[in-house]
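**Student:** give me coordinates for this.
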Amino acid sequence: MKRKDRYILISFIVCIFVVFVFMTKNTRFESNLISCKRPGNKIQITYGKLDSAQRITFKSSNDEEVKIPVTGKSNVGLQFSHGNSEYLIDLEKSIATEVRKGETAFYQCEQSRFKM
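**Tutor:** Have a look, this model is predicted:
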């Protein structure tokens, strides 16, 4: 009887493990928030999966939230423009670059991810 109980317990644990692995591989919803700061300005970018993000939600400290198209994307980041500014977000280095009228500004970024 004890041996049978052990097999049942081990089988149950293995099944639970398989279910959790399957659930993490099959995400139904994903949201990424990138918050970037520099003295005098703060920007926030929100998007779903990077491979399917055709539009992102952009918010600056002095603007309202707007949906804008992504002009370029890669495994390490994304590129877009808003107003007179061109932005490049490097996700590996957690740095954002803003080019406006020939001037370049750098932001320090933090990324948070939510999956369900």
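**Student:** okay, buried residues for the strand ranked longest in the chain please.
**Tutor:** Counting residues, the longest strand found in the chain (DSSP state E) is strand 103-115. Of the residues in strand 103-115, 107, 109 count as buried by neighbour count, 16 or more other Cβ atoms under 10 Å. From N, CA and C alone the C-beta is placed, and that goes for glycine too.
**Student:** now stretch 37-51
**Tutor:** So, applying 16+ other Cβ under 10 Å, buried residues of stretch 37-51: 43, 44, 45, 46, 47, 50.
**Student:** ditto for stretch 2-20
**Tutor:** Using 16+ other Cβ under 10 Å, none of the residues of stretch 2-20 count as buried.
**Student:** tell me the gap between it and the middle of its chain.
**Tutor:** In terms of Cα atoms, centre = their mean, to the nearest Å, the centre of stretch 2-20 is set 35 Å apart from its chain centre.
**Student:** how about that stretch as PDB, C-alpha atoms only?
**Tutor:** C-alpha atoms of stretch 2-20 as PDB (Å, rounded to 0.1, in the frame of the first residue of the first chain):
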ATOM      1  CA  LYS A   2       2.800   2.500   0.800                       C
ATOM      2  CA  ARG A   3       4.500   1.800  -2.500                       C
ATOM      3  CA  LYS A   4       1.200   2.500  -4.400                       C
ATOM      4  CA  ASP A   5       0.800   5.700  -2.500                       C
ATOM      5  CA  ARG A   6       4.300   6.900  -3.500                       C
ATOM      6  CA  TYR A   7       3.600   6.200  -7.100                       C
ATOM      7  CA  ILE A   8       0.400   8.100  -7.000                       C
ATOM      8  CA  LEU A   9       2.100  11.100  -5.200                       C
ATOM      9  CA  ILE A  10       5.000  11.100  -7.700                       C
ATOM     10  CA  SER A  11       2.600  10.900 -10.600                       C
ATOM     11  CA  PHE A  12       0.600  13.800  -9.300                       C
ATOM     12  CA  ILE A  13       3.700  15.900  -8.800                       C
ATOM     13  CA  VAL A  14       4.900  15.200 -12.300                       C
ATOM     14  CA  CYS A  15       1.500  16.100 -13.800                       C
ATOM     15  CA  ILE A  16       1.400  19.400 -11.900                       C
ATOM     16  CA  PHE A  17       4.900  20.200 -13.200                       C
ATOM     17  CA  VAL A  18       3.900  19.400 -16.800                       C
ATOM     18  CA  VAL A  19       0.800  21.600 -16.400                       C
ATOM     19  CA  PHE A  20       2.900  24.600 -15.100                       C
END
